[in-house]
Every structure is written in C-alpha cells, then in structure tokens.
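S.K.: from the sequence below, what's the structure:
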Amino acid sequence: MVQVAAALLFALAAGLGVTVILAMLRNNEDAILSALLGDGAFPDVAATRTGPAPQRVTLRRANRRRPALRAAGPALHAQPVVSRAA
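M.R.: This next block holds a predicted model:
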C-alpha cells in the first residue's frame with residue numbers, strides 16, 4: 001500500500017514538473033530556444049563591447065589613514081535579569 005502511494009506521489013510530482021516546464025516554454029519560448037541554440041536571449045547589437053576602455057581612470061590615494069573604529073561602550077546600565085521582588 002505504501003509503495004502504491006509512493007508511486008502515485010512520484011507520478012504527481014513528475015506531472016507537475018512537466019507542466020511547469022511547458023508553461024515556461026510557452027511564456028519564454030523565443031528566449032529559451034535562442035539560448036539553447038547558442039544565440040543568447042539578446043541580439044549582438046545590444047550586447048556590451050569587451051576590450052580596452054577608451055580612457056584610463058586612475059584612483060586617488062588617501063593622504064591620511066583613517067582612525068580605527070572603537071567599540072561602543074554600553075549606553076545604558078545593565079538591569080538585573082530577575083527582579084528583586086521575586
């Protein structure tokens with residue numbers, strides 16, 4: 001009986017997975033098929049160009065060192081966990 005229930009559960013999960021895959025294909029058919037063919041979802045004209053940058057940007061160096069962060073002290077006094085009335 002448990003084996004029959006497991007088989008039915010497996011069949012239900014497999015059917016749900018196939019349904020999700022078909023729904024994804026229906027919504028994004030062009031993008032998925034072009035990606036599978038190796039074209040990618042976007043045309044070449046919209047792609048970014050790789051290679052050297054037209055201008056070189058140099059970063060500024062800091063003139064002085066930053067002070068180290070100090071741990072903040074307790075802002076309030078610690079209250080006892082158990083009240084004195086207990």
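
S.K.: next, the buried residues of the longest helix along the chain.
M.R.: For the chain, the helix with the greatest residue count under DSSP state H is helix 2-27. By 16 or more other C-beta atoms under 10 Å, helix 2-27 has no buried positions at all. The C-beta positions use only the backbone N, C-alpha and C, and glycine is treated the same way.

S.K.: who are the packing partners of that helix?
M.R.: In terms of contacts (3 or more C-beta pairs under 8 Å, 6 or more residues apart in numbering; DSSP states H and E), helix 2-27 is not packed against any helix or strand.

S.K.: return the distance of Val4 relative to Ala14.
M.R.: Separation of Val4 from Ala14 (C-beta to C-beta, to the nearest Å) stands at 16 Å.

S.K.: next, the angle helix 2-27 makes with the worst-scoring helix or strand of the chain on mean pLDDT.
M.R.: Confidence across the helices and strands of the chain bottoms out at helix 29-36, with a mean of 79, counting by mean pLDDT, DSSP states H and E. Per axes from the mean of the first three to the mean of the last three C-alpha atoms, to 10 degrees, the angle that helix 29-36 makes with helix 2-27 is 100 degrees.

S.K.: who are the packing partners of helix 29-36?
M.R.: Helices and strands touching helix 29-36, by 3+ C-beta pairs under 8 Å, 6+ apart: there are none.

S.K.: so Arg64: helix, strand or coil?
M.R.: Following DSSP: H, G, I helix; E, B strand; the rest coil, Arg64 is assigned to coil.
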